[in-house]
Structures are given as C-alpha cells and as structure tokens.
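In: would you be able to build a 3D model of this:
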Amino acid sequence: MIAGARERKMAKENSGSPKHHQLETKRKRLTWILGVSGLCILFYVLGAWQTSAPINTTEAYTRVSCNDNASPASDSKPSTLSSSSSAALDFDSHHQIQINNTDSVQRFPPCDMSFSEYTPCQDPNRGRKFDRKMLKYRERHCPQKEELLHCLIPAPPKYKTPFKWPQSRDYAWYDNIPHKELSIEKAIQNWIQVEGDRFKFPGGGTMFPHGADKYIDDISQLIPLTSGNIRTAIDTGCGVASWGAYLLKRDIVSMSFAPRDTHEAQVQFALERGVPAMIGIMASQRLPYPSRAFDMAHCSRCLIPWYQYDGLYLMEVDRVLRPGGYWVLSGPPIRWRRYWKGWERTQEDLKQEQNAIEDIAKRLCWKKVIERNDLAIWQKPINHIECIKSRRIYKTPHICSADNPDASWYRNMEACITPLPEVSSPDEVAGGALEKWPQRAFAFPPRITSGSIPGITAEKFREDNELWAVRIKNYKRIIGDPLPGGRYRNVMDMNANLGGFAAAMLKFPVWVMNVVPANSNQDTLGLIYERGLIGTYHDWCEAFSTYPRTYDLIHASGLFSIYQDRCDIADILMEMDRILRPEGTIIFRDTVEVLVKIKSITDGMRWKSQIMDHESGPFNPEKIIFAVKTYWTGEATQNQH
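Out: Residues are numbered from 1 along each chain as shown. Alright, predicted model coming up:
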C-alpha cells in the first residue's frame with residue numbers, strides 16, 4: 001500500500017510537466033518562424049534593391065573572335081565603347097527557375113565570312129532562278145527548310161559600334177560596310193563620300209544636287225510639311241534614304257525601301273545611318289503595308305515604270321496612301337523639256353510618259369496640286385463620292401471587289417482602285433480624320449472608334465498605353481544610358497499589337513519598326529499607322545527584309561507563344577541574331593516555360609542573358625529575358641563576299 005501511494009504521488013507530480021514542455025516548444029517554433037520570415041523579407045528587399053540599379057550594357061559584353069580561344073585585335077574595339085571581357089549581366093531573378101546545364105547547350109558555329117551580308121529572302125543567287133518579268137526575281141524568295149543556315153552570321157573583322165544618333169545621320173564606319181561602289185558611281189550626285197576610315201553622307205541625291213534639306217524645303221513651299229498633318233511617308237527607290245533622314249527633323253517618319261540590286265548595300269547604308277528602311281521593290285506583289293497608311297508618297301528618279309501595266313504601280317501607291325495624301329514625283333519625265341538630253345531619251349518618249357502618268361492619276365481621281373521646277377505633286381481625294389460619279393466621264397479602273405484592302409503579305413497587285421470606307425457627305429474623310437502630330441500618337445485611332453477591329457475598344461487602347469508607359473520605364477531603368485543617349489537608334493517590335501511599345505519609346509531618340517505577324521488573329525498595323533507610327537507585316541517563320549546587323553534593340557512580347565508550334569524557334573532566334581548589331585539588346589516577354597526554352601538555345605549563341613521577374617513582381621506568371629549579343633567578328637584572314 002505504501003509503494004502504491006508513492007507511485008500515485010509521483011504520477012500526480014509528473015502530470016503537470018507536459019504543459020511546461022509544450023509551452024517551451026511553442027515558443028521555440030514561433031521564434032523559428034519569425035526568424036525565417038524575417039530573413040525572407042530581408043533577402044527579398046536586398047534582391048529588389050540589387051535589380052533597381054541600371055545595367056551598364058556597355059560593360060556587359062564579352063568580346064571574342066570566331067575562334068573562342070583567340071583574343072580580338074586591339075583595333076577592332078569601338079573607340080566610343082568601354083567594355084570588360086569579364087563582366088556579366090547583372091539581371092536578378094527571384095523565382096529560382098532551373099536552367100538547363102550549360103554542358104548540354106547546343107553551340108552554334110560562325111558562318112563563313114562570305115555570308116557576312118547574307119539576306120536569306122533576297123539572295124541574288126537564288127533570285128536568278130525566278131522570272132525576270134516585272135522584276136519578280138528581285139522579290140522575296142526565301143530558302144526552304146533544308147536550305148536554312150544553322151550558323152551565326154559574322155560581322156566584318158574590324159566592325160565598330162556605329163556612330164550615335166544624330167551624328168550617324170552623316171557618318172558611318174567604312175569597316176562596317178566596306179563598299180565604295182556608290183561613292184564612285186554616284187560621286188557627282190553626292191550620295192556618299194569616303195573620308196579616311198569613314199563614309200560621309202552629304203545629303204545629296206540625283207534630283208537634289210543642293211542637298212536633301214533644300215529639296216525638302218522646296219516641297220514644303222508647295223504642301224504643308226510642318227503643320228502636323230503629314231506624319232508618315234513612303235520613299236520608293238530610296239537610295240541611301242537621305243530624303244527620309246532629313247524629314248525626321250520635321251517630325252515626319254518615312255518608310256524607305258529599295259531592292260537589293262547593283263547599287264550595293266543602299267538599304268544597309270540607310271539603316272547604318274539610323275534611318276528607317278527595308279529591302280523591297282515594286283514588282284508584282286503588294287507592298288507589305290496596310291491600306292490608307294501613308295500621308296505622303298515620294299519618288300525621286302526611282303526608276304519605277306509608273307505608266308506601264310495599266311498603271312498598276314500607281315494603283316498600289318493609291319492603296320497605301322491616306323485619303324487626302326500626296327504623291328510627290330521628281331525626275332523623269334518631270335521637266336523633260338530641260339533634261340531630256342541628260343536622260344538620254346527622246347522628247348517624244350518623255351512627253352508620252354508624262355501624258356500617261358497624268359492620265360492614270362486622273363483615272364485614280366487624283367488632283368494635280370502643282371508642277372513647279374523639278375517637282376510635280378498630286379493629291380488623293382478624301383473620299384470616293386466624286387470619283388464614283390466621274391467614272392461616267394473618265395475611263396476609270398473598276399473598284400476592287402470585296403478583297404481585304406489591308407491584306408498584302410504575298411498578295412499580287414490588282415489593276416483596280418482600292419475602295420475607301422463609305423462616307424455620308426463629300427466633306428467627310430473616308431475612314432475618319434486624324435489628329436495632327438504629335439497628338440495623333442495617343443488619340444483614339446479611327447479604326448478603333450469605328451469598331452473595325454473586333455475586340456479592340458477605346459478602353460483597351462487606353463489601358464495598353466498605360467501598361468507600356470510602366471514597362472518602358474522599367475526597361476529604361478535596366479538598360480540605362482543607351483536608350484536616351486543615342487547609342488540605340490534602330491528598334492524593332494516583333495509583335496507590335498496596338499503600337500503601345502513604340503508610342504512609349506517616343507521620348508527617346510529612336511525609331512521603331514512595328515511588325516505585325518502576317519498570321520495574327522487581329523490585324524492592327526492600320527491603326528499603328530493611324531497613330532503616326534510605321535511598321536510592316538511579316539511571317540517570322542521567314543527571314544526579315546533587311547541586312548545583317550541593322551537593329552540595336554529588338555523587342556519580342558508573346559511572340560514565341562504564337563510561333564512555337566508553327567516553326568522551329570531556334571531558326572527565329574538565329575534570324576534575330578542576324579539582324580541584331582553586336583552588343584545590341586533583345587527583350588523577351590513570355591511565359592516561364594517558353595523563356596526557359598529560349599534561354600536554353602540562346603546560351604549557345606554567344607548571348608549573355610538572364611530571366612527576370614515581371615514589373616509587377618515575382619508572382620506574375622509572365623517573365624522577362626534581357627539578353628545582349630556579345631561582340632565577335634569573322635576571321636580577318638577570310639575573304640569577305
């Protein structure tokens with residue numbers, strides 16, 4: 001009994017001890033949770049602070065030659081650039097995505113130097129296989145899948161970073177485009193001159209011997225160039241794009257194009273200058289732009305046979321010209337009585353050509369504004385009310401059928417008048433009047449207010465502008481000085497949507513090529529032009545119509561989600577590498593899965609890149625890659641094509 005009493009007493013004393021241990025355990029667990037939480041918050045704040053500093057992209061590149069183990073020649077380093085061979089991109093990410101091990105990354109070798117200026121879809125060797133009628137052989141003819149290159153296009157051995165804008169308008173490094181042909185062939189016309197190790201662009205042209213500036217002043221005396229009514233222009237057969245270069249200071253942006261032909265690298269020179277340009281030609285297919293896009297079209301001795309094929313080429317100009325837009329012509333046959341001997345043509349021949357152009361313009365219902373000295377200017381009507389009535393008087397081409405007037409990707413031209421949207425009175429502008437520039441950039445485009453693009457409303461347009469204002473602010477913070485400082489000039493948006501990216505970039509000294517995928521569910525390129533911006537249609541399963549190394553910054557938002565099931569994304573990435581300048585930047589926005597796939601490929605392409613969080617924070621499923629193409633060149637011992 002005594003022993004039982006002791007046991008009961010001990011059990012009673014021990015019955016209170018679990019409460020004490022439980023309290024102690026709870027206190028330790030709470031302390032541990034608070035400690036871990038505090039560390040998480042501290043690391044998050046430190047990470048956010050680390051990514052808030054601007055990235056000095058000029059110090060984020062590794063310079064290598066085609067031989068990975070070789071050191072670049074000392075004279076290949078741009079004089080305006082400070083770089084570090086050991087620096088790495090400092091893009092921080094908070095979501096800790098596991099990237100493929102670099103040991104398994106596919107390495108893409110450099111192409112031979114003969115491909116240094118390779119333009120896949122305008123390759124002269126491939127073009128010779130096609131019909132010469134209507135210059136079809138100079139149109140786009142892209143390589144088949146089995147013909148695609150799986151190597152990286154090399155820069156010339158002594159490639160230098162181009163001059164900053166606006167100095168680049170007048171100068172370019174000879175080593176970047178080593179072609180003297182134009183400086184010899186066009187010496188009298190002052191297109192381009194060689195001065196030591198650089199080219200100089202004095203602003204001359206075949207029809208403006210006193211310079212493009214004076215020539216544009218002459219045009220400005222005839223039509224209003226500085227009132228804000230004219231913002232977008234197209235220059236057919238642009239040469240080195242001096243007309244477009246000098247329009248820029250008048251807040252007019254020109255889409256200049258010329259074929260890849262015997263005038264070596266004229267579009268390449270234009271882009272090296274920082275002037276918008278594309279490889280293109282008026283042949284048998286429509287130009288890759290929407291209807292009612294340009295406020296002004298220009299031809300200065302562009303050698304386009306306007307009077308042939310029943311006026312087909314003037315009808316294409318009419319399609320892309322806005323209601324009330326102007327067509328400016330200088331050169332043959334204008335003022336033929338003075339120049340016929342120098343043009344090595346007969347007076348009768350030139351007279352017949354001018355009469356034919358006058359007749360076509362009249363049948364298009366254009367009004368001749370003036371012909372003075374070397375210039376002739378016509379104006380397209382603001383609607384087709386009177387034009388339809390005049391068909392009883394003049395032998396007018398028929399109005400095109402219900403065909404989509406904006407459809408122009410691999411679409412043949414037609415000898416008919418592109419219909420304008422219907423209006424209720426002769427004073428109404430077909431399709432809607434536009435605001436003057438610069439208000440036009442953020443005013444609601446008529447294509448939105450009319451409801452002609454399903455699913456895009458004025459509210460969505462406003463929200464898109466606000467969204468891109470925030471995003472561009474973030475880009476500026478990360479990229480730093482190259483954007484406002486003029487180092488980055490040529491910019492491309494590969495999936496432009498409403499043009500919000502380009503509109504938000506207007507504060508910087510850049511221009512943006514807005515690309516709307518030809519297979520896009522919503523055709524927004526027309527409204528982009530209504531905003532006073534420029535762009536083109538394109539299918540990214542093919543190469544773009546430009547030379548290598550012609551863009552400083554490429555932006556791709558949601559692009560690979562569109563194309564990953566249509567073609568090999570590695571081919572698209574290599575095309576981006578082809579057109580990006582050494583030490584240029586690419587920004588990708590997409591889902592994590594797509595970006596991981598992109599990075600696994602670009603790690604083998606001599607790019608430095610890192611995935612970053614969305615502007616709104618780490619919980620947004622969309623992420624961003626900032627990538628920089630490292631500086632490397634072809635071997636100096638190889639022969640350049």
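
In: CA only for contacts and neighbour counts going forward, please
Out: Fine.

In: where in the stretch 151-300 of the chain is pLDDT low?
Out: Along the stretch 151-300 of the chain, the parts satisfying pLDDT under 70 run over 182-190, 262-263.

In: let's go with 50 and repeat that
Out: Along the stretch 151-300 of the chain, segments meeting pLDDT under 50 are nowhere present.

In: do the same with the chain
Out: Using pLDDT under 50, the chain drops low at 1-20, 48-102, 638-641.

In: max-length strand in it?
Out: strand 580-591 (DSSP state E).

In: quick check: next helix or strand after that strand?
Out: Per DSSP states H and E, the first helix or strand lying C-terminal to strand 580-591 is helix 592-602.

In: list the buried ones in that following helix?
Out: Neighbour-count burial for helix 592-602, counted by 16 or more other C-alpha atoms under 10 Å, picks out 592, 594, 595, 596, 598, 599, 600, 601, 602.

In: give me the residues contacting it.
Out: Helix 592-602 is contacted from outside by 99-100, 105-106, 560-561, 569-570, 573, 588-589, 609-611, 621-625, using C-alpha atoms under 8 Å, 6 or more residues apart in numbering.

In: what are the pairing partners of whichever helix or strand comes after that helix, and which direction each?
Out: Next along the chain after helix 592-602, taking DSSP H and E as the criterion, comes strand 607-612. Strand 607-612 pairs in its sheet with strand 622-629 (antiparallel), by DSSP bridges.

In: quick one: contacts of the partner strand?
Out: By C-alpha under 8 Å, 6+ apart, the residues outside strand 622-629 that reach it are 57, 60-61, 91, 577, 580-592, 595, 606-614.

In: ok, 6 Å please
Out: Strand 622-629 has contacts (C-alpha atoms under 6 Å, 6 or more residues apart in numbering) with 582-592, 607-614.

In: tell me the angle that strand makes with helix 592-602.
Out: 10 degrees (axes from the mean of the first three to the mean of the last three C-alpha atoms, to 10 degrees).

In: with just CA atoms, put strand 622-629 into CSV.
Out: Presented in CSV, the C-alpha positions along strand 622-629 are these (Å, rounded to 0.1, in the frame of the first residue of the first chain):
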residue,chain,number,x,y,z
GLU,A,622,4.9,36.3,-67.3
LYS,A,623,8.6,36.8,-67.1
ILE,A,624,11.2,38.8,-69.0
ILE,A,625,14.6,37.9,-70.5
PHE,A,626,17.1,40.7,-71.1
ALA,A,627,19.8,39.4,-73.5
VAL,A,628,22.9,41.1,-75.0
LYS,A,629,24.6,39.8,-78.1
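
In: helix or strand next in line after that strand, which one?
Out: Counting by DSSP H and E, what follows strand 622-629 is strand 632-633.

In: so how far is that next one off the chain centroid?
Out: Put simply, strand 632-633 sits 23 Å off its chain's centre (C-alpha atoms, centre = their mean, to the nearest Å).

In: give me the sheet partners of it and which way each runs.
Out: strand 64-65 (parallel).

In: before we move on, the earlier item: just the buried residues out of the contacts of helix 592-602, in ChimeraX syntax.
Out: Written as a ChimeraX command, the selection of buried residues from the contacts of helix 592-602, which uses 16+ other C-alpha under 10 Å, is:
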select :560,561,569,570,573,588,589,609,610,611,622,623,624,625
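
In: identify each buried residue in the helix or strand harbouring residue 355, please.
Out: Using DSSP H and E, residue 355 sits within helix 347-363. Buried residues in helix 347-363, counting neighbours by 16+ other C-alpha under 10 Å, are found at 347, 350-351, 353-354, 356-363.

In: residue 473: which of the residues you listed is nearest?
Out: residue 361 (47.1 Å; C-alpha to C-alpha).

In: how close does the closest one sit to residue 397?
Out: Distance of residue 361 to residue 397, given as C-alpha to C-alpha, to the nearest Å: 11 Å.

In: same thing with residue 128?
Out: Applying C-alpha to C-alpha to residue 128 and residue 397 gives a distance of 33 Å.

In: those two: which has the busier surroundings?
Out: A direct count of neighbours by other C-alpha atoms under 10 Å for residue 128 and residue 397 places residue 397 higher, at 17 against 12.
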